[in-house]
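Asker: Got a sequence here, can you build the structure:
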Amino acid sequence: MIEPLVLIPPMLCDARVFYAQLATLSGSMPISCMPITNGDRIEEMASAILSWLPNKFALVGMGLGGMVAMELLRRAPERVTRIAFISTNAQTDMPEISAQREPLIIAAKTGRFDDAIRAELKPSWLAPGPYRNDVMSLVSDMAHALGPDVYVKQSRAMQRRKDQQSTMRKIKQPALVMCGEHDGLNTLRRHEFLAALIPYARLEVIDNAGHLTTLENAEAVTRALKDWLKQPLVLR
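Answerer: Now for the predicted structure:
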């Protein structure tokens, strides 16, 4: 059986963040990329996406998209055949991080959206190398395509998100946790913790990549996803 593959992008990103994976995998399986632009809570985003999805699907969530994927899994575990998390976090926003979002929300609302974009993706969170500026430029393009109103909604969703550690412990599907070795936001240590929560999860650390692995080392990410898609559905 070929499972439909559902991709959920991170904050400020659209389907272009998965361009290489879509280009490589779409020839052999049905793939869709879900927008996370509906509502200002994870629960509202998940409700909208669930209404669009097939009965059974493999699920990949990245960043904020990973947090939405966790909520989808919590609500409808019987519909998810396998799960992959990229550059994400199962815990709630720390109070100091939540507070730091407020001036950025104000900036986006008052015509200083570029300031908010720069604060949301710092160059040091990406891998060093000649393509760092290209990645930053693409993120800026995607952010402007979505606009400041979507950014405010996504920021509120990040602030209000619930802890999903208990959901992670209940996962029975083949699970992949992926991060870049240079991720300065969701660090390797954080991903090791996430992988340890999930029974039988595999942790994949992507070389020469930081927070946006799908863009920074697309070939390695696609290869890891192919291996995950080949895993037997029954783990035990």
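
Asker: Find the centremost residue of the chain, please.
Answerer: Central residue of the chain (CA atoms, centre = their mean): residue 62, 1.1 Å from the mean position.

Asker: Okay, helices next: where are they in the protein?
Answerer: Counting by DSSP state H, the chain has helices at residues 19-25, 42-52, 64-75, 95-109, 113-120, 132-146, 148-160, 165-169, 188-197, 213-216, 218-230.

Asker: ok, back up a step: which residues does the closest residue to the residue nearest to the centre of the chain other than its chain neighbours contact?
Answerer: Leaving aside its sequence neighbours, residue 62 sits nearest to residue 86 (CB to CB, 6 or more residues apart in numbering; 4.1 Å). Placement of C-beta: from N, CA and C, glycine included. When contacts are counted by CB atoms under 8 Å, 6 or more residues apart in numbering, residue 86 touches 60, 61, 62, 63, 66, 178, 179, 213, 214, 221.

Asker: Tell me the one of those residues nearest residue 144?
Answerer: Closest approach to residue 144 among these (CB to CB): residue 63, at 17.9 Å.

Asker: Touching, that closest one and residue 87? I think so.
Answerer: Yes - look at residue 63 against residue 87 with CB atoms under 8 Å: they come within range, at 5.3 Å.

Asker: quick one: common contacting residues for the two?
Answerer: 10, 186, 211.

Asker: Just the pLDDT at the last one, thanks.
Answerer: Read that as residue 211. Predicted confidence (pLDDT) for residue 211: 97.

Asker: How about the contacts made by the closest residue to it other than its chain neighbours?
Answerer: Distance criterion CB to CB, 6+ apart; nearest residue to residue 211, sequence neighbours excluded, is residue 125 at 4.3 Å. By CB under 8 Å, 6+ apart, the contact list for residue 125 reads 182, 183, 184, 185, 210, 211.

Asker: change it to 7 Å
Answerer: Residues near residue 125 by CB atoms under 7 Å, 6 or more residues apart in numbering: 183, 184, 185, 210, 211.

Asker: Got a quick PyMOL command for the buried subset of these?
Answerer: What follows is the PyMOL syntax for the buried subset of these, where burial is set by 16 or more other CB atoms under 10 Å:
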select buried, resi 183+185+210+211
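
Asker: Closest one of the contacts of residue 125 to residue 39?
Answerer: residue 185 (23.5 Å).

Asker: Please name the nearest non-neighbouring residue to residue 180.
Answerer: Of all residues not flanking residue 180 in the chain, residue 209 sits nearest, at 3.4 Å (CB to CB, 6+ apart).

Asker: same thing with residue 228?
Answerer: residue 176 (4.3 Å).

Asker: Could you tell me which ranges of the protein sit under the pLDDT cut-off?
Answerer: 1, 234-236 (pLDDT under 70).

Asker: do that again at 50, thanks
Answerer: 236 (pLDDT under 50).

Asker: Assess the claim that the residue nearest to residue 180 and residue 219 are in contact.
Answerer: No - Residue 209 lies out of contact with residue 219 (CB atoms under 7 Å); the separation is 10.5 Å.
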